[in-house]
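1. Sequence first, then the predicted structure, then my questions.
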Amino acid sequence: MGVDTQGVLDTGWFSWPDGGMLVGALDMVSSPPPVRAELFRLLYRHIPAVLTANLINSVLVVVALWDVATRRNLVGWAAVIAAVTLVRVVLWLRCREAARSDAEVLRWGRGYTVGVLISGLLWGCAAFLFISMDDRLSLLVMSFIIGGMGAGAVASLSAHLPTFHAFLLGSMVPFELRLLTLGDPVSLALSGMVAIYVISMIVIAHNVNAALIRSLVLNEENKRLLATRDQEVLLRTADLRAANAELEREIGERARTEDKLEEARAEAERANQAKSRFLAAAAHDLRQPLQSMFLFASSLHRFVADPKGVDALVRIERGLDILKGMLDGLLDLSRLDVKLIEPTIAAFPLRPMLDDIVVAYRRIAASKGIDLRCGASGQLVVRSDKTMLGRMVRNLVENALRYTERGRIVLSTRTEGDTVLIEVEDTGIGIAPDHLKLIFEEFHQVGNPERDKARGLGLGLAIVQRLSAVLDHPVEVRSRPGVGSTFSIAVPLAAEAIVAAEPPVEIPPLEGSRGRQVVVVDDDPMVLLALSTLLEQWGYRVIMAGSKDDALGQLRSRAPPHLIVADYRLRNGLVGTDAIRGIRACCGDDIPGVVLTGETGDACVKDAESLGALVLHKPVTPHDLAFVLKRLIGDDEDTKIE
């Protein structure tokens, strides 16, 4: 259904122009049965009001003309009106009970039209019965009643034009003829008005009928569309049900997949836990024998005089150094991969940390003829994890030492906004542009195709890259082959303007290591013996203890020690810091302490820092141990490595 370009409404069954008088095109014959039936139903809805109006108006006519017209005619006419009305009421009641289908409604509708025609003719006959030339009251009453009935027919009967025409013409044509037969000027003028009135009512009724039909056609079209839509909804509902079934199947498969993923995740977690346990065991158990080898090898210097023996011993120590570097690199990289390391961010002055690194590597640099120095500002304060940042810088210094044969290595700093760049500049072999993105990968080495183990495994820069991600300290590199390289670490400046460096522990000046007493606590007899042997060769008096209680028992009959060296992991769930606390409490003095550990976690470092003790990670080289002893109990020429 739609509207064409000529303004014609197309219903799918017929068309009509919008508005105007409609003759024939919109009658009941041209309408589809459902529409015609619905039009008759509209007529039936008005039957009670129409019949009531007939009875009331007939009574009013009788009352108004009782003294004017012949009373016998009035009563007879009124009786016929009442009888016809009664018959129509009976037919209407029967129609309500019997007319269910559209066909039944149409059949009963034809009878209703006949009843309306009879009623209209009765009102038309009243004009001949009651209007007289001598009495203008009768003319006025009948004109008012019949005209009003015609106007009411527009509202109540225009749904069915034949019925409307039957009543209007049946009542108005006799009335018009009666006016013409009277012949006086008033009657003739009134007859002309009646003719115009009739034409107007017909036009209005046709327009009302057209509007009703249009509404009903639209309603039927809507029903059809709704039926179509319902069908589409049913089809879509079926499709949705099928889609829901498919979705439920996919959800079930996804749930099963997620269960498998969860199982795989749990298995991976168990594998990570197993890896963590392995790392903890490897860190401790593998480093213990290596620690003994370091210490015993250093002890042999005093007993080996033959040049060939000394050379072999030096080679053994170099091999142990290489093995230590490999083990440290592998374990540290594994710790970073399983995220066992959590940073502890704090503000600290940068220069002291860089100075310590330079001091630690200056002897190695000097042995190669390299000038290692620090040119950093002494007023810079940064926020980072001091241990992790120190490891990053040390790895960069070690990398520079491996690939620099002459010249210098300089640690420097420069600020850019709220960031300080720690730079390690060397005059080494440099890095080709195509290797710059590869140097941070595991086991990648520049200029070492023969895989010389003296240059490590190629893990130092990989660890720097991992620590860079953990700390969010970007690392960049600039290099020119044959000229050198510069590595930089971007570290945020602390909000504090200046944080004073922690003052070194004040130790009374000592004349030397000889005679100084050191307590060594370690539950591994081999490490305990090796460490004690080396310390005794350096001139210390050593108290060897396998546990905290053993150390306390021996100290009850001796003077307080000058230093405590304790392994972190002891028997019976105790740790080295427990031994340091116990010995300090027993002696009543804040005795310096050193904790040796093979642990991979940060618990040991934090525990030792709470006591002001230093931490050395196994395997500890004699050089590192000597450096710490000199720091804690004085620089003594007798405490040296042969």
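-> That came in fine, so what should we check first?
2. For stretch 405-417, list every residue counted as buried.
-> Of the residues in stretch 405-417, 409-413 count as buried by neighbour count, 16 or more other CB atoms under 10 Å. Any C-beta I mention is one placed from the backbone N, CA and C, and that applies to glycine too.
3. Tell me the one among those nearest to residue 433.
-> Minimum distance to residue 433 across the buried residues of stretch 405-417 is 22.2 Å, recorded for residue 409 (CB to CB).
4. Check whether that closest one really touches residue 403, as I assumed.
-> No - here residue 409 does not reach residue 403: they are 10.3 Å apart, not a contact under CB atoms under 8 Å.
5. the domain parsing of the chain - what is it?
-> For the chain, the domain assignment from automatic domain parsing gives the residue ranges 30-182, 343-492.
6. Reformat those into JSON lines and put distance to residue 223 and mean pLDDT next to each item.
-> Output for the domains of the chain, formatted as JSON lines (distance: least, CB to CB, whole Å; pLDDT from 0 to 100):
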{"stretch": "domain 30-182", "distance to residue 223": "9", "mean pLDDT": "81"}
{"stretch": "domain 343-492", "distance to residue 223": "70", "mean pLDDT": "80"}
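7. okay, those in JSON lines with distance to residue 609 next?
-> Listed next are those as JSON lines, based on distance: least, CB to CB, whole Å:
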{"stretch": "domain 30-182", "distance to residue 609": "95"}
{"stretch": "domain 343-492", "distance to residue 609": "10"}
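8. nearest to residue 521, of those domains?
-> Using CB to CB as the criterion, the shortest distance between residue 521 and the domains of the chain is 23.7 Å, found for domain 343-492.
9. Neighbours of the spatially closest residue to residue 64 that is not a sequence neighbour, how many?
-> For residue 64, ignoring the flanking residues on the chain, the nearest one in space by CB to CB, 6 or more residues apart in numbering is residue 141 at 4.7 Å. Neighbour count for residue 141, taken as other CB atoms under 10 Å: 21.
10. got a list of what residue 141 touches?
-> Contacts here follow CB atoms under 8 Å, 6 or more residues apart in numbering; on that basis residue 141 touches 61, 64-65, 130.
11. and of the buried residues of stretch 405-417, the nearest to residue 177?
-> Minimum distance to residue 177 across the buried residues of stretch 405-417 is 125.0 Å, recorded for residue 413 (CB to CB).
12. so what's the closest one up against?
-> By CB under 8 Å, 6+ apart, the contact list for residue 413 reads 350, 354, 375-377, 380, 420-423.
13. same deal with residue 493?
-> With contact set as CB under 8 Å, 6+ apart, residue 493 has these partners: 380-383, 415, 418-420.
14. ok, what's across the strand from it?
-> residue 382 (DSSP bridges).
15. distance of it from residue 71?
-> Distance of residue 493 to residue 71, given as CB to CB, to the nearest Å: 124 Å.
16. same thing with residue 419?
-> For residue 419 relative to residue 71 (CB to CB), the value is 122 Å.
17. Which stretches in the stretch 501-642 of the chain count as strands?
-> Listed in chain order, the strands of the stretch 501-642 of the chain (DSSP state E, counting those that start in this stretch) span residues 517-521, 541-545, 563-567, 593-597, 614-617.
18. Sheet partners, orientation included, of the first one?
-> Right, strand 517-521. Each strand that strand 517-521 pairs with, and the sense of that pairing, follows from DSSP bridges: strand 541-545 (parallel), strand 563-567 (parallel).
19. Out of those strands, which is the most enclosed?
-> Relative to the other members of those, strand 563-567 carries the highest mean neighbour count by mean count of other CB atoms under 10 Å, namely a mean of 26.
20. name the helices or strands packed onto the helix or strand harbouring residue 90?
-> Taking DSSP states H and E as the criterion, residue 90 maps to helix 71-98. In this structure, helix 71-98 packs against helix 33-64, helix 102-130, with contacts taken as 3 or more CB pairs under 8 Å, 6 or more residues apart in numbering; DSSP states H and E.
21. sorry, back to before: so which of the strands of the stretch 501-642 of the chain gets nearest residue 436?
-> Ranking the strands of the stretch 501-642 of the chain by proximity to residue 436 (CB to CB) places strand 614-617 first, at 30.9 Å.
22. Centre of the chain to the closest one, how far?
-> 45 Å (CA atoms, centre = their mean, to the nearest Å).
23. please begin residue numbering at 700 from this point
-> Done: numbering now begins at 700, and the last item shifts to strand 1313-1316.
24. Quick one: residues in contact with it.
-> In contact with strand 1313-1316 (CB under 8 Å, 6+ apart) are residues 1027, 1292-1297, 1303-1304, 1307-1308, 1323-1324, 1327, 1330-1331.
25. Looking at those residues, which one is closest to residue 884?
-> Proximity of these to residue 884 was ranked by CB to CB; the top entry is residue 1304 with 130.5 Å.
26. Check the secondary structure at residue 1176 for me.
-> Using DSSP: H, G, I helix; E, B strand; the rest coil as the criterion, the local structure at residue 1176 reads strand.
27. Which strand residues bridge it?
-> Assessed by DSSP bridges, residue 1176 has beta-bridge partners residue 1186.
28. pretty sure it is in contact with residue 1132, am I right?
-> No - in this structure, residue 1176 sits apart from residue 1132 without contact. The criterion is CB under 8 Å, and the distance is 10.9 Å.
29. Compare those two (neighbour count), which wins?
-> Neighbour totals were compared for residue 1176 and residue 1132, and residue 1176 leads with 16 against 9 (other CB under 10 Å).
30. For the strand or helix carrying residue 948, which helices and strands make contact with it?
-> Applying DSSP H and E as the criterion places residue 948 in helix 884-980. Helices and strands touching helix 884-980, by 3+ CB pairs under 8 Å, 6+ apart, are helix 732-763, helix 835-856, helix 860-881, helix 1006-1036.
31. Now do it against helix 835-856, angle only.
-> For helix 884-980 and helix 835-856, the angle between their directions (axes from the mean of the first three to the mean of the last three CA atoms, to 10 degrees) works out to 20 degrees.
32. what angle do helix 884-980 and helix 860-881 make?
-> Using the same axes, to 10 degrees, the inter-axis angle of helix 884-980 relative to helix 860-881 is 160 degrees.
33. And the helix holding residue 789, what's buried?
-> Going by neighbour count (16+ other CB under 10 Å), the buried part of helix 770-797 is 773, 776-777, 780, 783-784, 787, 790-791, 794.
34. Look up how far residue 970 lies from the residue most central in space within the chain.
-> Centroid-nearest residue in the chain: residue 957, 18.9 Å away (criterion: CA atoms, centre = their mean). Taking CB to CB as the measure, residue 957 falls 19 Å from residue 970.
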